[in-house]
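In: compute the structure for the input listed below.
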Amino acid sequence: MKTLKEWLGIIEKLEREFVKKANSHFTPGSMYLTHMFLLGAGQRTLSQSRGFRQMIKARNFPSATILLRTQIDTAMRIHGLPLIQDREESMKRMIAGQVQFDRLTTMENGKQVRLTDAYLRKHLSATYPWIDNVYTETSDFVHLSFRHLWTAIGGVDDEARTVQFALSGIDAKRDESAYFEACAAFFEVSKIVYMMLLVAWGLARPPVQTVPVSEAETNPTA
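Out: A predicted model of the protein is given here:
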C-alpha cells in the first residue's frame, strides 16, 4: 500500500511528465483559438494539481476536494470540446466574453443541445462511469452542506456519548489513509485530462475547406 507521501509524489510526477510531453507535442506553427483554450486548460490543470498537493499536505481536506471537483470540471469541458459547433467562432466569442462554455451547443438527434454541466458530466461518465460518483461526492464540498459538519468534528467519545468540535481550518487528526481515496481519484482524473489535452491539440485545427474544381478547369478549352 502506498503512503501519503508516495501518493503526492506520483501526482507530482504526472505533472512533470505532462509538461515534458506538451513541450514536444504542442508543436509551433499555425495557432488557433482552440489551441489557446487548451493552453489555458493545461495551465489550470497543473495549477489545480499543485494546489491539491499543498492542501493535502496542509491537512485541508475540504479545499482539496474542491480542487478535485474542479479538475473534473476541466475534464468535462475538454472531453466535450469536439462536440462544439463552429468551434473557432465559439472560442472567439468566449475570449471576447460574449458567451460562457455552458451556453455553447452541439447537435444531438437533429436538435441543438446546450453543453451544460449536466450534459458534459453525462457525456464524460459514459466513457468513465466512476467519475459520476466522484463528481457527486465532491459537489458537497463546493456547495456548503452537512458534509462540512463532519470535518469540524475533532473527536468522539462513544462511552460518554459526547462529540468535540474544532474550529481551526485544519483537519482533525486522522490516519493518513483517510486521504488515499481522494489522492487516487485526483491522480486518475488528472491523467485523463492530460491525455485529452495532448489528443485535442492535434485536432484543434479547423478542417481544411476544399474548393471543388470546376469542369472548366479540369477540361480547359483551347
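In: just the strands from the protein, written as ranges.
Out: 105-108, 111-114, 153-157, 162-165 (DSSP state E).
In: tell me the contacts of the residue nearest the centre of the chain?
Out: Most central in the chain under C-alpha atoms, centre = their mean is T74, positioned 2.5 Å from the mean C-alpha point. Contacts for T74 (C-beta atoms under 8 Å, 6 or more residues apart in numbering) come out as 41, 44-45, 48, 193. For every residue, glycine as well, the C-beta is placed using N, CA and C.
In: if you set the cut-off to 6 Å instead, what comes out?
Out: By C-beta atoms under 6 Å, 6 or more residues apart in numbering, the contact list for T74 reads 41, 44-45, 193.
In: name the nearest of those residues relative to I66.
Out: For those, the minimum distance to I66 (C-beta to C-beta) is 13.7 Å, reached by R44.
In: ok, back up a step: got a pLDDT number for the residue nearest to the centre of the chain?
Out: On pLDDT, T74 comes in at 96.
In: look up how far T45 lies from it.
Out: 6 Å (C-beta to C-beta, to the nearest Å).
In: joint contacts of those two?
Out: Common neighbours of T74 and T45, using C-beta under 6 Å, 6+ apart, are V193.
In: closest one of the contacts of T74 to Y135?
Out: V193 (13.9 Å).
In: confidence score at the closest one?
Out: On pLDDT, V193 comes in at 97.
In: that one against T45, yeah?
Out: Yes. Contact criterion C-beta atoms under 6 Å: V193 and T45 qualify, at 5.0 Å.
In: so which of the two has more stuff around it?
Out: Ranked by neighbour count (other C-beta atoms under 10 Å), V193 and T45 place V193 first, with 26 against 23.
In: show me where the protein dips below the pLDDT cut-off.
Out: Counting by pLDDT under 70, the chain has low-confidence residues at 28-29, 143-168, 206-222.
In: for it, what spans make up the helices?
Out: With DSSP state H as the definition, the chain shows helices at residue ranges 4-25, 33-57, 61-80, 87-95, 117-127, 130-142, 147-151, 180-203, 215-218.
In: out of those, nearest to F101?
Out: Among the helices of the chain, helix 61-80 sits nearest to F101 (C-beta to C-beta), with 5.8 Å.
In: ok, now how distant is A184 from W7?
Out: Distance, A184 to W7, using C-beta to C-beta: 7 Å.
In: ignore what I typed, I meant D140.
Out: Here D140 is placed at a distance of 22 Å from W7 (C-beta to C-beta).
In: which of these two has more residues huddled nearby?
Out: Neighbour totals were compared for D140 and W7, and W7 leads with 20 against 15 (other C-beta under 10 Å).
In: right, and the more buried one touches C183 too?
Out: Yes. Counting by C-beta under 6 Å, W7 touches C183, with 3.9 Å between them.
In: which residues do these two both contact?
Out: Here W7 and C183 have no joint contacts, going by C-beta under 6 Å, 6+ apart.
In: re earlier: and of the contacts of T74, the nearest to T70?
Out: Taking C-beta to C-beta as the measure, R44 is the one of the contacts of T74 closest to T70, at 8.0 Å.
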